[in-house]
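S.K.: pasting the sequence and the predicted model now:
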Amino acid sequence: MTVPLHFHSVHYAAVQPGPRLIVLGAVHGNETCGQRGILRVIEDLNQQRLTLQRGSVTLVPVTNPLAYNKVQRAGDRNLNRNLAPTDTPQEFEDHIANWLCPQLAAHDVLLDLHSFQAPGVPFAFLGPRNNDGPLEPFAFAEQEQALAVRLGVNRFVEGWLSTYALGVERRVQVFGQHNDRATQLNTDTRYGVGTTEYMRAHGGWALTLECGQHADPHAPDVAYAAICNTLAHLGLSDAPAPEALPASACEMLALYEVIDKMHADDHFVRPFASFDAVRQGDPIGVRHDGAPVLASADGCIVFPNPNAQVGQEWFYLARPSTRLG
């Protein structure tokens with residue numbers, strides 16, 4: 001089933017003031033669990049099975065309609081990279097950004113619902129710790145952490161943008177400056193900015209929830225539960241506030257390395273799933289010229305993508321973090 005190529009959201013506002021929440025589904029067109037969870041919440045609100053008692057919520061079932069209709073990650077390009085308004089839109093995702101970015105800036109909290117390609121269990125991405133540095137200054141880490149441990153998952157990951165920035169530096173060294181737009185984006189630090197990074201840069205806070213593998217039949221339930229838990233935790237709905245997951249039950253990981261695919265013949269030594277454990281020196285892949293790609297430290301692999309395009313992320317490496325401990 002296709003959807004129209006216009007931008008659609010459903011907004012609910014309570015009589016009493018409160019936080020302004022926005023929930024996104026299908027930022028990537030082949031990730032439909034968020035859409036399905038959002039549609040269930042819309043039905044609950046319309047049928048009064050769920051009541052909004054304060055604040056407001058904006059629900060966007062399909063954020064990228066072109067990618068959704070193509071049943072693929074992107075329409076013309078990845079919406080969740082280099083996200084910013086532009087006066088000179090070139091791809092469909094630029095038009096989405098011109099609509100979406102003001103929406104994000106008008107809200108306080110974002111929950112962005114995704115899924116992933118390889119098998120694995122759900123997890124949430126947190127933003128940076130509080131800091132005033134140049135890359136991603138932030139002051140709402142405690143709020144993100146408090147919501148994260150109430151979403152309904154027990155695995156958490158930090159370090160996205162800082163790790164991505166390191167990858168960009170490496171790409172610039174390898175590819176230099178190109179006139180090709182795709183290469184320009186891949187070698188721009190801003191390319192690592194997606195919905196949550198944009199939200200944080202404009203005064204809000206945000207979480208990305210990876211609800212499971214794309215085809216996992218339970219992923220829409222994970223998305224639905226997370227939305228309901230978020231509404232309750234923020235005091236927007238009349239449902240009881242969810243309890244926090246105890247620290248002893250939390251698995252916290254920090255990304256520290258991104259490895260790009262450099263040639264079409266680069267390949268993994270075996271099938272990997274996100275969070276498969278690796279030890280320092282373990283072989284992970286082989287370059288087209290036979291050079292091995294080895295784990296640089298004990299930890300795990302995240303987002304292994306055997307179908308990655310040349311010059312883009314092939315996989316990430318993560319190691320344990322004490323952030324929630």
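M.R.: Looks like it arrived, so ask away. Residues are numbered from 1 along each chain as shown.
S.K.: wouldn't Glu93 be in contact with Arg77 here?
M.R.: Yes. The pair Glu93 and Arg77 qualifies as a contact (Cβ atoms under 8 Å) at a distance of 5.2 Å. (C-beta placed from N, C-alpha, C; glycine too.)
S.K.: what helix or strand is Cys300 located in?
M.R.: Assessed by DSSP states H and E, Cys300 sits inside strand 299-302.
S.K.: can you list the strands that the helix or strand following that strand pairs with?
M.R.: Remark: after strand 299-302, the chain's next helix or strand is strand 313-320, criterion DSSP H and E. Paired with strand 313-320 in the same sheet, following DSSP bridges, are strand 251-260 (antiparallel), strand 299-302 (antiparallel).
S.K.: identify each buried residue in strand 313-320, please.
M.R.: The neighbour-count check on strand 313-320 (16 or more other Cβ atoms under 10 Å) flags 313-319 as buried.
S.K.: do the same with stretch 82-98
M.R.: Across stretch 82-98, burial judged by 16+ other Cβ under 10 Å covers 82-83, 91-97.
S.K.: stretch 159-178 too?
M.R.: For stretch 159-178, the neighbour count (16+ other Cβ under 10 Å) marks 159-168, 171, 175 as buried.
S.K.: do stretch 66-78 as well
M.R.: Of the residues in stretch 66-78, 66-69, 73-78 count as buried by neighbour count, 16+ other Cβ under 10 Å.
S.K.: relative to Thr208, which of those is nearest.
M.R.: Set against Thr208, the nearest of the buried residues of stretch 66-78 by Cβ to Cβ is Asn78 (14.0 Å).
S.K.: wait, isn't the closest one in contact with Glu93?
M.R.: Yes. Applying Cβ under 8 Å, one finds Asn78 in contact with Glu93, separated by 7.3 Å.
S.K.: so who does Glu251 touch?
M.R.: When contacts are counted by Cβ atoms under 8 Å, 6 or more residues apart in numbering, Glu251 touches 154-156.
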